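Asks: Quick one: sequence and predicted model below, then my questions.
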Amino acid sequence: MLAAEQPQAHGQPQALQLVEQELAQARAELATLHELLKDIPEIFERKFNQRLQPLLAENRNLRQQLLAPKQLALLQPRQTSGLADLELSDLNDDELLPKAG
């Protein structure tokens, strides 16, 4: 019986070594994954900013296009021609209606 038990005794330390190696590899892989998890928010933020930049640039261009005519009008001197510059709200009803008789 001692001869039959001896190979098993040799096999156990070898199997134990294999399991310990696998455990060490699994722990190393787990540590690597934990490091990657720490980087995920930064990765998502970078990706978000990369996708957002073209939209912000387009928005900026559209705003400039919309504001350009207004800014140009502010820079040009206004020519006054009397009543042409008055708005209807500036006039009284008496001024709008022809005087009778």
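Replies: That came through, no problem.

Asks: May I ask which helix or strand of this structure has the lowest mean pLDDT?
Replies: helix 93-96 (a mean of 51; mean pLDDT, DSSP states H and E).

Asks: list the buried ones in stretch 58-70?
Replies: Residues of stretch 58-70 include none that count as buried (16 or more other Cβ atoms under 10 Å). In this view, the C-beta of every residue, glycine as well, is placed from N, C-alpha and C.

Asks: wait, what's in contact with residue 55?
Replies: If a contact means Cβ atoms under 8 Å, 6 or more residues apart in numbering, then residue 55 has no contacts.

Asks: tell me the SS of it?
Replies: Going by DSSP: H, G, I helix; E, B strand; the rest coil, the secondary structure assigned to residue 55 is helix.

Asks: Tell me how far it lies from residue 22.
Replies: 48 Å (Cβ to Cβ, to the nearest Å).

Asks: per-residue pLDDT, residue 56?
Replies: Here the pLDDT value assigned to residue 56 is 95.

Asks: count of residues packed around it?
Replies: 10 (other Cβ atoms under 10 Å).

Asks: Quick check: the gap between residue 40 and residue 46.
Replies: In terms of Cβ to Cβ, residue 40 sits 11 Å off from residue 46.

Asks: Apologies, that question was intended for residue 74.
Replies: Residue 74 is 40 Å from residue 46, by Cβ to Cβ.

Asks: quick one: residue 41 from residue 48, how far?
Replies: For residue 41, the distance to residue 48 - Cβ to Cβ - is 10 Å.

Asks: do the same with residue 73
Replies: Applying Cβ to Cβ, the value for residue 73 to residue 48 is 38 Å.

Asks: for residue 21, same thing?
Replies: Residue 21 is 41 Å from residue 48, by Cβ to Cβ.

Asks: Also residue 63?
Replies: 22 Å.

Asks: and what of residue 29?
Replies: Taking Cβ to Cβ, one finds residue 29 at 28 Å from residue 48.

Asks: Over to residue 75?
Replies: Taking Cβ to Cβ, one finds residue 75 at 38 Å from residue 48.

Asks: swap in residue 26?
Replies: In terms of Cβ to Cβ, residue 26 sits 33 Å off from residue 48.
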